[in-house]
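**Q** Following is a predicted model, sequence given first.
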Amino acid sequence: MSKTVVLKCGGSTVHQLSESFFQSLKALINNNWNVMIVHGGGPDITNMLKALKIETEFFKGQRKTTEDVLEVAEMVLAGKINKLLTNVLQDKGLDAIGLSGSDGGLLKANYLDKEHLGLVGEVTSVQTSVVSLLMDNGYIPVVAPLARTVENETLNVNADLAAAAIANAVSAEKFIFVTDVPGILDGNKQLIEEITPSEINTLIESEVITGGMIPKVQSALATLSDNCQEVIIASGQKAIIEDGHFTGTKIVKGMEVSTS
Ligand SMILES: Nc1ncnc2c1ncn2[C@@H]1O[C@H](COP(=O)(O)OP(=O)(O)O)[C@@H](O)[C@H]1O
Ligand SMILES: CC(=O)N[C@@H](CCC(=O)OP(=O)(O)O)C(=O)O
């Protein structure tokens, strides 16, 4: 039976994905993995908002989303970035179908914090049949992080959190964050090859892990399970598989000793 890998491609890297990254996807498919991609696009949304002279602000790492901001976010995520990624995958000989989380009831959400964030969603359910249908037929689903409420309103969703919700719902055996750094770096900017949840918490407290890395590691911790034994953070500028092994940082459950 095929295993499933969910990759989250950050907006920081989506324009710079390397040839070896696409070769790694082919290797996964040749090894019978079902592959799906959830993408971001934060920097492109910010640039488009600036060009349109619409103010943009973040609250606790998430974009405050007014109706004007949502219109631009949807245009950039479901239009520009989703098509760019789907086209490049097709160009590399990988069968991909682009869709938004609001298509086919894929992602349902509630308002995360309407007062502070406006039209931002927290995913409450994932209609996995939409992506299974595509993967079972040999396609890579490429998902833009938008969702619908039960009242049929569209909401903007942080892409790391959308990817984690999807990875959990499809019971992915592997979950990989593809970003613009080689993985989690320590205080000396050296790559950490393997890390446990308690070591991550220490690095957050000591402010070695900051900014956009925080939602990634938090999403990773929420996804680790008996089924998904490791979550990987790797660079899209390199191969994500070398000599049959995943590159980057592996976040593993570890052998945490309970003191309670
Ligand atoms: N300890 C760390 N190791 C690596 N990157 C870190 C760390 N702490 C913060 N970061 C930042 O996290 C960024 C990746 O997050 P982000 O910019 O949100 O990427 P993406 O668009 O891929 O989601 C890196 O470019 C880096 O600046
Ligand atoms: C609510 C919220 O913050 N949504 C994000 C969606 C895109 C995203 O998360 O893109 P990256 O992965 O490139 O950061 C935003 O508007 O920027």
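**A** Thanks, I have the structure now. These numbers come from a predicted model, not from an experiment. Ligands and ions are numbered 1, 2, ... in the order given.

**Q** pLDDT score for the residue nearest to Met135 when sequence neighbours are not counted?
**A** Once flanking residues are discounted, Met135 sits nearest to Asn34: 4.2 Å by CB to CB, 6 or more residues apart in numbering. To be clear about C-beta, it is placed using only N, CA and C from the backbone, and glycine gets the same treatment. Turning to Asn34, the model gives it a pLDDT of 97.

**Q** can you check Val76 too?
**A** pLDDT, Val76: 98.

**Q** Over to Gly244?
**A** On the pLDDT scale, Gly244 is placed at 87.

**Q** ok, now Met255?
**A** Listed pLDDT for Met255 reads 67.

**Q** go on, the one 4 residues further on?
**A** According to the per-residue confidence, Thr259 scores 51 in pLDDT.

**Q** which parts of the stretch 51-200 of the chain sit against ligand 2?
**A** Residues of the stretch 51-200 of the chain lying close to ligand 2 by CB under 6 Å from any ligand atom are 62-63, 73, 120, 145, 156-159.

**Q** export the helix or strand Ile200 falls within as CSV, just CAs?
**A** Per DSSP states H and E, Ile200 falls inside helix 197-205. The C-alpha trace of helix 197-205 is given here as CSV (Å, rounded to 0.1, in the frame of the first residue of the first chain):
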residue,chain,number,x,y,z
PRO,A,197,10.3,18.2,21.2
SER,A,198,11.9,19.1,24.5
GLU,A,199,15.1,20.3,22.7
ILE,A,200,12.8,22.4,20.4
ASN,A,201,11.1,24.1,23.4
THR,A,202,14.6,24.9,24.9
LEU,A,203,15.6,26.6,21.6
ILE,A,204,12.4,28.6,21.4
GLU,A,205,12.9,29.8,25.0
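
**Q** now the angle from the helix or strand just after it to helix 197-205?
**A** The first helix or strand that comes after helix 197-205 along the chain, using DSSP H and E, is helix 213-223. Put simply, helix 213-223 runs at 160 degrees to helix 197-205, going by axes from the mean of the first three to the mean of the last three CA atoms, to 10 degrees.
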